[in-house]
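Novice: model this:
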Amino acid sequence: MSFSETVSPLLGRCALVWFYASGLVNIVQNWSSFAEQLSSRHVPLPPLFLVLGLILVLMGCFSLLFGYHTRHGAVLLFGLTIAAAFLLHDFWRLSDAGVRQAEFEIFARDIAISGGLLLMIGLGGGPFSIDNRGNGGGRSKR
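Specialist: Numbers count the residues shown, from 1 in each chain. Predicted coordinates for the structure are as follows:
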């Protein structure tokens, strides 16, 4: 196995965890602002949805960080990311060009992140993951 085949999945998992963990910190620091944004989108009980989202993202982050049930964690984060992209960043409904462009950029970023998560779902956590412990660093079982 080449260096890139062994290290790339680990670095990819770490990059995804960094992205989601920094988002978690931002939500916690700006709780009321995020609750107001959800409320303006007519989401019922915004604090409850924020707590639920935080818990699920935290679970997904731990899963990817340690490579423990990597595919399950990636599916969890994929579902949350796609739902947030379509429900919260619906750029196609906006008339102001500047706001539409900003929302499109966030939407496009979320779709790109989802692509990386799909790779994790398809390929697993790689040799440096708990999923592959005792496998001799080989591919995880399907």
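Novice: C-terminal to the helix or strand where residue 74 lies, what's the next element?
Specialist: Assigned by DSSP states H and E, residue 74 belongs to helix 70-88. Downstream of helix 70-88, the next assigned helix or strand under DSSP H and E is helix 97-123.
Novice: what angle sits between that next one and helix 70-88?
Specialist: 160 degrees (axes from the mean of the first three to the mean of the last three CA atoms, to 10 degrees).
Novice: tell me what helix 97-123 is packed against?
Specialist: Contacts defined by 3 or more CB pairs under 8 Å, 6 or more residues apart in numbering; DSSP states H and E place helix 97-123 against helix 3-29, helix 70-88. Every C-beta, even on glycine, is put in place using the N, C-alpha and C of the backbone.
Novice: just those: most buried one?
Specialist: helix 70-88 (a mean of 18; mean count of other CB atoms under 10 Å).
Novice: which one is the residue nearest to the spatial centre of the chain nearest to, not counting chain neighbours?
Specialist: In the chain, the centroid-proximal residue (CA atoms, centre = their mean) is residue 77; its distance is 4.1 Å. Leaving aside its sequence neighbours, residue 77 sits nearest to residue 60 (CB to CB, 6 or more residues apart in numbering; 4.0 Å).
Novice: contacts only, for the one you found.
Specialist: By CB atoms under 8 Å, 6 or more residues apart in numbering, residue 60 lies in contact with 20, 73-74, 76-77, 80.
Novice: read off the pLDDT value for residue 138.
Specialist: pLDDT recorded at residue 138 is 47.
Novice: start the count at 7 instead of 1 going forward.
Specialist: With the count now opening at 7, the last piece we talked about shows up as residue 144.
Novice: low pLDDT regions in this protein?
Specialist: For the chain, the stretches with pLDDT under 70 are 141-148.
Novice: 90 instead, please
Specialist: Scanning the chain for pLDDT under 90 picks out 7-12, 47-49, 138-148.
Novice: could you measure from the nearest residue to residue 34 once chain neighbours are set aside over to residue 51?
Specialist: Excluding the flanking residues, the one nearest residue 34 by CB to CB, 6+ apart is residue 60, at 7.5 Å. Residue 60 sits 14 Å away from residue 51, going by CB to CB, to the nearest Å.
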